[in-house]
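Trainee: pasting the structure only:
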């Protein structure tokens with residue numbers, strides 16, 4: 001058994017496979033091709049003389065050897081990451097200001113826990129959330145009023161770079177006993193005769209309207225509510241339909257408060273990215289904030305998939 005071939009990249013690979021439940025999903029998360037992931041896994045198994053994954057299981061399972069190596073990954077990788085963070089602090093300093101603007105209403109549910117995790121590692125970095133609706137959140141970076149923006153808009157802009165966070169599904173929400181609940185998924189025409197309940201944001205900022213309904217020529221009546229719970233209450237009271245991220249409604253779906261269906265046969269998916277000024281992208285405390293958000297979100301939120309790299 002040649003244990004010298006076990007490298008950090010192998011531990012990260014095995015961790016991604018275990019968390020994602022398959023080689024394809026792990027490849028997407030690591031931004032590698034499936035063939036590259038399969039080759040790395042096979043090379044590691046050959047070096048160890050042991051199988052690490054149960055390839056016939058769905059989702060993919062780990063063998064006893066794989067589980068032991070995964071335990072090593074859980075022990076070693078946090079220590080390595082902490083050491084690299086300490087080295088970055090020695091190089092760039094451990095203090096700074098990070099003003100964060102958030103484009104989506106539902107992001108605070110997962111952002112606040114991620115910020116708590118980050119504060120433990122960077123106690124001297126001053127975190128500040130910029131509240132209120134912003135018509136051009138990325139413009140805040142160019143104006144010097146924000147240092148990081150969480151956004152779905154990756155339109156190229158001079159001096160701005162985008163780091164992928166994650167992709168997520170937007171689900172159609174309806175009362176559990178609604179006639180449309182019998183459908184496997186909803187189509188644009190299904191929204192035509194119903195009031196659409198949304199956050200108070202412009203239509204061009206709503207994926208359902210911009211990407212699904214408008215191209216199909218469907219323009220339903222619209223009602224606005226500030227809070228997620230208020231939107232869900234209106235849906236449950238048969239006042240209309242809504243479309244929200246899966247993570248935002250998971251607890252309500254578990255209780256049967258509302259029902260959810262995919263939008264279209266393949267679902268309606270969106271992505272979130274962290275936008276920063278190009279000159280700030282390499283700053284250690286900003287880069288680690290982005291990494292922390294990604295790790296924390298994958299650990300807490302259901303049904304995520306990797307976002308595209310731009």
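Mentor: Cool, got the structure. Note that the coordinates shown come from a computational prediction; the quantities given were computed from them, not determined experimentally.

Trainee: Flag every buried residue along stretch 279-290.
Mentor: For stretch 279-290, a neighbour-count test (16 or more other CB atoms under 10 Å) marks 280-281, 283-290 as buried. Every residue, glycine included, has its C-beta placed from N, CA and C.

Trainee: got the domain boundaries for this protein?
Mentor: Using automatic domain parsing, the domain parsing of the chain gives 3-89, 94-167+270-300, 168-265.

Trainee: Let me have those domains in CSV, extended by distance to residue 307 and mean pLDDT.
Mentor: Listed next are the domains of the chain as CSV, based on distance: least, CB to CB, whole Å; pLDDT from 0 to 100:
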stretch, distance to residue 307, mean pLDDT
domain 3-89, 10, 85
domain 94-167+270-300, 4, 90
domain 168-265, 9, 95
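
Trainee: Can you give me every residue that contacts residue 98?
Mentor: 125-128, 147-148, 285-286, 289 (CB atoms under 8 Å, 6 or more residues apart in numbering).

Trainee: Residue 54 now?
Mentor: By CB under 8 Å, 6+ apart, the contact list for residue 54 reads 60-63.

Trainee: mind checking how far the residue nearest to residue 119 when sequence neighbours are not counted is from residue 248?
Mentor: Excluding the flanking residues, the one nearest residue 119 by CB to CB, 6 or more residues apart in numbering is residue 127, at 6.9 Å. Distance of residue 127 to residue 248, computed by CB to CB, to the nearest Å: 22 Å.

Trainee: higher neighbour count, these two?
Mentor: Neighbour totals were compared for residue 127 and residue 248, and residue 248 leads with 23 against 17 (other CB atoms under 10 Å).

Trainee: how far away is the residue nearest to residue 181 when sequence neighbours are not counted from residue 171?
Mentor: Of all residues not flanking residue 181 in the chain, residue 259 sits nearest, at 4.7 Å (CB to CB, 6+ apart). Distance, residue 259 to residue 171, by CB to CB: 9 Å.

Trainee: neighbour-wise, which of the two wins?
Mentor: Between residue 259 and residue 171, counted using other CB under 10 Å, the more crowded position is residue 171 (26 against 19).

Trainee: what about the more buried one, helix or strand, and which?
Mentor: In this assignment (DSSP states H and E), residue 171 forms part of strand 160-174.

Trainee: And that strand, what does it pack against?
Mentor: helix 228-236, strand 242-245, helix 246-254, strand 259-261, strand 268-277, helix 284-300 (3 or more CB pairs under 8 Å, 6 or more residues apart in numbering; DSSP states H and E).

Trainee: if we can go back for a sec, let me see the contact set for the residue nearest to residue 181.
Mentor: For residue 259, the contact set (CB under 8 Å, 6+ apart) comprises 173-176, 178, 181, 253.

Trainee: bridging residues for it?
Mentor: residue 174 (DSSP bridges).

Trainee: before we move on, back to that, let me know which of the helices and strands packed on strand 160-174 is the nearest to residue 165.
Mentor: strand 268-277 (4.5 Å; CB to CB).

Trainee: Report the buried residues of the closest one.
Mentor: 268-269, 271-277.

Trainee: ok, it: who's next to it in the sheet?
Mentor: Partners of strand 268-277, by DSSP bridges, with direction: strand 148-151 (antiparallel), strand 160-174 (antiparallel).

Trainee: with the buried residues of stretch 279-290 in mind, which one is nearest to residue 94?
Mentor: residue 285 (7.4 Å).

Trainee: which residue ranges form the strands in this structure?
Mentor: Listed in chain order, the strands of the chain (DSSP state E) span 53-54, 61-62, 96-102, 125-130, 148-151, 160-174, 196-198, 222-224, 242-245, 259-261, 268-277.
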